[in-house]
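Chemist: Quick one, fold the following:
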Amino acid sequence: MLTINDNLAALDASNNLDATNNQLATVVNDLSTGLQINTAADNPAGYSIAQSLETEINGYTAASSNAQNAVSVLQTAQGAINQQESILQQANSIATQAANSTVSGDTTAANADQQEFSSLISQLDQIAQSTTFAGVSLLNGSNAALTFQVGPEDASADNVVVTLTTTTSSALAVGSLSITSVTGAEAAMSAVQAAINTLASSAAAIGSSQNQIQALANNVTVAQQNLTSAHANLVDVNVAAETSQFTSLQVLEQSGVSVLSQAQSLPQLALKLI
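Modeler: The predicted model follows:
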């Protein structure tokens, strides 16, 4: 129906063009951000799920970093213990040598052996006191245990507690040994060998904890990858589909502008009837 006061066709065309422009603006925003969920208004349920997934992903990211640091800490401690074991092996050789009565009877040789032996034992304390990670002492007994958070949850399954052996000479019971006599040298041999066994057990425990942490870290990595994939599927825009829609909306917008122009000219046709 041709009318002069009310142009319903133009109004419909204008409303449709506005709807097309709104859709086009949404598509442009999605393509520019690379996301199909930019605000909660885009998809309230999806937005809530995406936030939950992002929280879990961030937790796994931090846990993975913690696990790597934990492995570095344990590697530092184990490296130091390996040095101490090597030192004690040398000390054991010297004590064994000093246990020979022909050597112990030579005061000069006995004193030289004692000096070298004492020097080696003092190195144990130097290593125990200087072995630190990020300012935390590892082997001097100031830390009874280290707790590593290697999972995203506050649960025992995500925590690894590592007890580190104190490796000072006094803790290993080798701090005041004398090898200037056969009896003393034999006692030193026994004490040093016991200390070596203690360090070996400590190294084994550290290695076991390191393997445990590495296994948990691998699980964290897999979980993180799966969650990241799920998050991407939920919030990332499908560029191919969105680009296709963008092209269609551009054509529809151009068509809408043309139709609106034609609709706005309809009252002019009505005037020809007057």
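Chemist: Roughly how far does residue 8 sit from residue 18?
Modeler: Computed with C-beta to C-beta, to the nearest Å, the distance linking residue 8 and residue 18 is 16 Å. All C-beta atoms are positioned from the backbone trio N, CA, C, and that covers glycine.
Chemist: sorry, that was for residue 233
Modeler: For residue 233, the distance to residue 18 - C-beta to C-beta - is 32 Å.
Chemist: Equivalent analysis for residue 217, please.
Modeler: The value you get for residue 217 to residue 18, if C-beta to C-beta is used, is 54 Å.
Chemist: out of these two, which sits in the busier spot?
Modeler: residue 217 (20 against 11; other C-beta atoms under 10 Å).
Chemist: and the next element down the chain from the helix or strand where the more buried one lies?
Modeler: Residue 217 is part of helix 182-235, with elements assigned from DSSP states H and E. Proceeding N to C from helix 182-235, the next assigned helix or strand is helix 239-264, under DSSP H and E.
Chemist: Got phi/psi on residue 99?
Modeler: phi -70, psi -10 (degrees, to the nearest 10).
Chemist: heads up, I number from 784, so please use that
Modeler: Sure, I'll start numbering at 784, so the last one becomes residue 882.
Chemist: Any stretches of the stretch 834-983 of the chain with poor pLDDT?
Modeler: 884-889, 938 (pLDDT under 70).
Chemist: mind redoing it with 50?
Modeler: Scanning the stretch 834-983 of the chain for pLDDT under 50 picks out no residues.
Chemist: Run through the helices of it in chain order.
Modeler: 884-887, 890-913, 965-1018 (DSSP state H, counting those that start in this stretch).
Chemist: among the ones you listed, which is nearest residue 836?
Modeler: Within those, the stretch nearest residue 836 is helix 965-1018; the backing value is 4.4 Å (C-beta to C-beta).
Chemist: quick check: angle from the closest one to helix 890-913?
Modeler: Computed by axes from the mean of the first three to the mean of the last three C-alpha atoms, to 10 degrees, the angle separating helix 965-1018 from helix 890-913 equals 20 degrees.
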